[in-house]
Every structure is written in C-alpha cells, then in structure tokens.
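Colleague: Below is the sequence, then the predicted model.
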Amino acid sequence: MISIAKYVAGFFCLVLPAIAQAQSAGIVECPRSGDYVYLYSSMTTLDVRITLQCGEQVQITGRYDRYFGVRTAKGEIGYVPHQGTATKSRAARERAYSVRRARQTR
C-alpha cells in the first residue's frame, strides 16, 4: 500500500509542473509611441542583438533579475528589461481598464 502511494506521489511531482506552466507569451511595450526596445544578447555586457518594435510579440523563456529571457518570431534569443515587456494578460487588463475609463468620462 505504501509503495503505491510513493508511485502516485512521484507521478504528481512529475506531471503537475508540466501542466502548471507559466504564461510564455509577451508583448514589447514602449514608453513612447513609435519607440523601440533593445534585445540584449547578454545581461552582463548588454550587447545589443537587435531592436524590437512596439507591440511585437515575443515568447518569454524565463525571468532573470530585472530581465525577461525572450525569443522573437524570427528566432532571435536574448534579454529584454522587465519594463520593456508585458505579458499578454497584463496588456489585456490594461487595455480593458483604459476602455472602461474612457467610457466613464463620456
């Protein structure tokens, strides 16, 4: 009976992390319209790999200190500052809030 419980516990430890995956889609945010954000190849040297346009979608591969690890649609991999990227759920919340606020001011 105890050996079955060990197998069940082991199964859940292996399967649940795969099911509960963090959100991995993001959108490049810019402080000003028409601006851009740098994609760095390294967090320590801050070598610029490419520039990302506002609104460009990226896949978030990890979170490191003050940076997100991201992969672009073209396959470029690098690091973007947290303030330069928003997860899709955060962007959708902010957009819904601004629409609601605009309706209230009419």
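Modeller: Arrived safely, thanks for sending. The model shown is predicted, which means the values in this text are computed figures rather than measured ones. Numbers count the residues shown, from 1 in each chain.
Colleague: show me where the protein has helices.
Modeller: In the chain, the segments counted as helices under DSSP state H are 2-19, 88-105.
Colleague: And the average pLDDT for the first one is what?
Modeller: Helix 2-19 shows a mean pLDDT of 59 in the predicted model.
Colleague: One more: stretch 82-89?
Modeller: Averaged over stretch 82-89, pLDDT sits at 71.
Colleague: Now the lengthiest strand in the chain: buried residues?
Modeller: The residue-count maximum for a strand in the chain (DSSP state E) belongs to strand 57-64. Neighbour-count burial for strand 57-64, counted by 16 or more other C-beta atoms under 10 Å, picks out 58, 60. In this view, the C-beta of every residue, glycine as well, is placed from N, C-alpha and C.
Colleague: Show me what that strand is in contact with.
Modeller: For strand 57-64, the external contacting residues (C-beta atoms under 8 Å, 6 or more residues apart in numbering) are 22-28, 43, 52, 68-73, 77, 79-80, 85, 87.
Colleague: Would you mind listing which of the residues you listed are buried?
Modeller: 26-28, 52, 68-70, 72, 79-80, 85, 87.
Colleague: is it possible to export those residues to TSV including distance to residue 39?
Modeller: Conversion of the buried ones among the contacts of strand 57-64 to TSV gives the following (distance: C-beta to C-beta, whole Å):
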residue	distance to residue 39
26	12
27	14
28	9
52	5
68	10
69	10
70	7
72	7
79	7
80	6
85	10
87	17
